[in-house]
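Trainee: I would like to see how this sequence folds:
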Amino acid sequence: MQEPLSQLWHRVPSRRLLGLTLDLSTAPLPALQREGALGVLDITEYVGETSGGIRTYLAAKSAWVAAHPETRQTLVVPGRGDAIIEGAGSRTYQLHGPAIPFNAPYRFLLSARTSRRIFEHERPDLIEIGSHLLVPWVARIANKGLQAPMVWFYHGHLPRLIAPDHERGGAQRVLEALAWRYVRRLARDCRAVIVASPFVAEELRAHGVTNVEQVPLGVDLEHFHPRRRAMAGETRRRAGLPDGPLALFAGRFAREKRLDLLLDAWAPVERRTGARLALLGDGPQARALRKHPYAHRVLWLPFEQDRERLADLLAAVDVYLAPGPYETFGLAALEAMASGTPILTVDRGGVAERVAATGGGTRYPFNDRDGLTTAAIELFRGDLGAFGMAGHRSAERHHGWDASFTKLFATYRRLLGRPA
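Mentor: Predicted coordinates for the structure are as follows:
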């Protein structure tokens, strides 16, 4: 018997209705939960066994809904087979979908007919689209005639994913223009495009997307906390990590994360500070990164599904690395900040905004290997404790999940014309 989306909704009690022969296009669907509550349906293909930020967001949303009986949540996501996962006030429909080539661990969500059956049964007040490939079109087809208002949570910055080196001109500029045209087309079908950072809001508005709503994401402030730093030695021993200065990246090994630049830049950092580089995760660039000349010095860690061990690791390292220049928010970096760990980031994107605003780390110039090296050396020679506590204090003041989802659901109600 298969396990759907292992540990997807962390710490949310659930009952799984599984079966190798379950077919959600015809199987009886369970009774509606919380009749009369504000119902939100989340649909995305960017959830998988080793995925990161979107999965974390949806898990936290399920936990918040569980504690707020005036709300309910339905999730439609792809998986290896059909399944229904029941939670407190939330229900996940997992639909069989083939793997997306060269983009592990994600799968296509293809069935508009089954999705429509779920939409009709669950009767959401609002549909939130969480990806930009086929899902917006599947949702549009499934919603035809039902006319539930749709919003798009802009988790991935599509023009920068397609054309990450747009400054180079030529074909990159053409690809970028086509991507922005596609983004504007999707945005027109939605009542709002929700973003988590000013960086993305400004870019969207500058390119003709006018229905932008900004809602910062959050972090579990009890789970990710500096008190775990007291156990750093034991955490490192358990993970096979050395004593001494240590920097960590945790996430998908994908082109837009610019991990190749990290490897290019780190040899002189290690020579001058002794700081080792650890990369935790997996993804489409894993094989290429392991062939890098510096790869033999990297501490390679597998994707960590256990949230307790992940929180321990984020608090056990000296510096967290956020090299992706187009992060729409950067949840892992926020989790590290909440843990009291300083951030080294490129000077673009959502993480860079928070580091600049909080003093929770330092930044290096975009696409600048030597600049990265210099910034890393200066950070390790600086007051890491002061940087870490500045980030932690900001996370505590501004980024609890309760505040984030309170604002998000207030935004939903306003978009629906309902009282707060």
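
Trainee: Show me the strands paired with the host helix or strand of Ile84, marking each as parallel or antiparallel.
Mentor: Secondary-structure assignment from DSSP states H and E places Ile84 in strand 83-87. When sheet partners are counted by DSSP bridges, strand 83-87 sits next to strand 14-17 (antiparallel), strand 90-96 (antiparallel).

Trainee: in it, what's buried?
Mentor: 83-85, 87 (16 or more other CB atoms under 10 Å). (Each C-beta comes from the backbone N, C-alpha and C, glycine too.)

Trainee: For it, what does the pLDDT average out to?
Mentor: Average pLDDT, strand 83-87: 95.

Trainee: What would it look like as CSV? C-alpha coordinates only.
Mentor: Output of strand 83-87 as CSV, limited to C-alpha atoms (Å, rounded to 0.1, in the frame of the first residue of the first chain):
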residue,chain,number,x,y,z
ALA,A,83,-5.9,9.1,-2.3
ILE,A,84,-7.8,11.1,0.2
ILE,A,85,-6.2,12.4,3.3
GLU,A,86,-8.4,13.7,6.1
GLY,A,87,-7.4,16.4,8.6
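
Trainee: Can you tell me which of the buried residues of strand 83-87 is nearest Gly391?
Mentor: Gly87 (31.4 Å; CB to CB).

Trainee: what is that closest one paired to in the beta sheet?
Mentor: If you apply DSSP bridges, the partners that Gly87 bridges to are Ser14.

Trainee: That one contacts Ala66, doesn't it?
Mentor: Yes. Between Gly87 and Ala66 there is a contact under CB atoms under 8 Å: 6.5 Å.

Trainee: what's the burial count for Ala31?
Mentor: Around Ala31 there are 7 other residues, counting by other CB atoms under 10 Å.

Trainee: how close does it sit to Ala375?
Mentor: 56 Å (CB to CB, to the nearest Å).

Trainee: Would you mind listing the buried residues in whatever helix or strand Pro159 lives in?
Mentor: Using DSSP H and E, Pro159 maps to helix 158-162. By 16+ other CB under 10 Å, the buried positions in helix 158-162 come out as 158-160, 162.

Trainee: do the same with stretch 355-370
Mentor: In stretch 355-370, counting by 16+ other CB under 10 Å, buried: 355, 358, 360-364, 366, 369.

Trainee: Report the two of the residues you listed separated the most.
Mentor: The widest separation within the buried residues of stretch 355-370 (CB to CB) is 25.8 Å, between Thr358 and Arg369.

Trainee: Can you check the distance spanned by stretch 302-321, start to finish?
Mentor: 17 Å (CA to CA, to the nearest Å).

Trainee: now do stretch 185-193
Mentor: 12 Å.

Trainee: just stretch 248-257 next, same as before
Mentor: 13 Å.

Trainee: go on, stretch 81-90?
Mentor: 19 Å.

Trainee: Please apply the same query to stretch 187-196.
Mentor: 16 Å.

Trainee: what does that stretch rub up against?
Mentor: Under the contact criterion CB atoms under 8 Å, 6 or more residues apart in numbering, stretch 187-196 has outside partners 128-129, 136, 140, 149-154, 201, 204, 209, 211-217, 328-329, 350, 408, 411, 415.

Trainee: List the buried residues for that stretch?
Mentor: 187, 190-196.

Trainee: Looking at those residues, which are in strands?
Mentor: Within those, residues falling in strands by DSSP state E are 192-195.

Trainee: Tabulate those (JSON lines), appending distance to Ala288 and pLDDT.
Mentor: Converted to JSON lines, these look like this (distance: CB to CB, whole Å; pLDDT from 0 to 100):
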{"residue": "Ala192", "distance to Ala288": "38", "pLDDT": "98"}
{"residue": "Val193", "distance to Ala288": "33", "pLDDT": "98"}
{"residue": "Ile194", "distance to Ala288": "33", "pLDDT": "98"}
{"residue": "Val195", "distance to Ala288": "31", "pLDDT": "97"}
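
Trainee: Out of those, flag the one nearest to Gln94.
Mentor: Nearest member of those to Gln94, counting by CB to CB, is Ile194, at 23.8 Å.

Trainee: wait, isn't Ala357 in contact with Ser394?
Mentor: Yes. Counting by CB under 8 Å, Ser394 is a contact partner of Ala357 at 7.3 Å.
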